[in-house]
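Colleague: coords please:
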Amino acid sequence: MRKKWLVWLLGCALFSSAGFGFVGQQSEPIIPRVAPRTPDTLVMLPDGSTVHVELAKTEAERAYGLMGRTNLPQGRGMLFIHDSSAEYGYWMYHCKIGLDIVWMDAGHRIVELSPNTPPCKGKASTCPSYGGHATSLYVLELPVGSIKAHGLETGQIVNFNLG
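Modeller: Here you go, the predicted model:
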């Protein structure tokens, strides 16, 4: 019993340190709302088309992502910037729209794709994780159909300037 309690406590501490919290053991995560950011960063896809993206640079911004959005127009997206390269799985908890998800390494090279990623309408515990099989630093979320429409493939370079 003591071991089980310690495992649960450690799990809560790790989940909490990632910017989430619980009201109780069986409760859904509390993810602080983050106001939408201005899509003022331009990303150029390998086919030469451009996307105006919001940046998600902080843990809170990355955790909230595009939750609650009811649409994401073509030519718009969100670029997640992680603090270090790692294998990042993404989930669609509290998302109301499907998305295309593109993982990129430090050199902006596409390392993984998840087209037509469906929203998760259930509890957090029922939401699957997508991607996270390749080391990445950046993750780009785009409207469903963008991967196919722009012919995105692993190995291609996506251009953007963050400075």
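
Colleague: any weak-confidence spans in this structure?
Modeller: Low-confidence segments of the chain (pLDDT under 70): 1-26.

Colleague: name the residue closest to the centre of it, please.
Modeller: Nearest residue to the geometric centre of the chain (CA atoms, centre = their mean): residue 90, 5.0 Å.

Colleague: residues contacting that one?
Modeller: 65, 101, 114, 117, 129, 130, 131, 132, 139 (CB atoms under 8 Å, 6 or more residues apart in numbering). Any C-beta I mention is one placed from the backbone N, CA and C, and that applies to glycine too.

Colleague: look up how far residue 112 lies from residue 101.
Modeller: From residue 101 across to residue 112, the span is 8 Å (CB to CB, to the nearest Å).

Colleague: so for these two, which sits in the more crowded spot?
Modeller: Remark: of residue 101 and residue 112, residue 101 carries more neighbours, 23 against 20, as counted by other CB atoms under 10 Å.

Colleague: could you measure from the closest residue to that one other than its chain neighbours over to residue 162?
Modeller: Nearest residue to residue 101, sequence neighbours excluded (CB to CB, 6 or more residues apart in numbering): residue 114, at 4.2 Å. From residue 114 across to residue 162, the span is 23 Å (CB to CB).

Colleague: for residue 142, same thing?
Modeller: In terms of CB to CB, residue 142 sits 18 Å off from residue 162.

Colleague: neighbour count: the two, which is higher?
Modeller: Remark: of residue 142 and residue 162, residue 142 carries more neighbours, 26 against 9, as counted by other CB under 10 Å.

Colleague: hang on, the more buried one packs against residue 102?
Modeller: Yes. With contacts counted by CB atoms under 8 Å, residue 142 reaches residue 102, the gap being 6.8 Å.

Colleague: ok, back up a step: pull up the overlap in contacts between residue 101 and residue 112.
Modeller: residue 131.

Colleague: and the strands in this structure?
Modeller: Assigned by DSSP state E, the strands in the chain fall at 41-44, 50-56, 76-87, 90-91, 99-104, 110-117, 129-130, 135-143, 159-160.

Colleague: what does the last one contact?
Modeller: This means strand 159-160. Residues contacting strand 159-160 (CB under 8 Å, 6+ apart): 41, 42, 43, 44, 53, 79, 108.

Colleague: now the residues you listed in TSV, with distance to residue 155 and neighbour count?
Modeller: Converted to TSV, the contacts of strand 159-160 look like this (distance: CB to CB, whole Å; neighbours: other CB atoms under 10 Å):
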residue	distance to residue 155	neighbour count
41	23	18
42	22	12
43	17	21
44	16	15
53	21	22
79	19	23
108	12	16
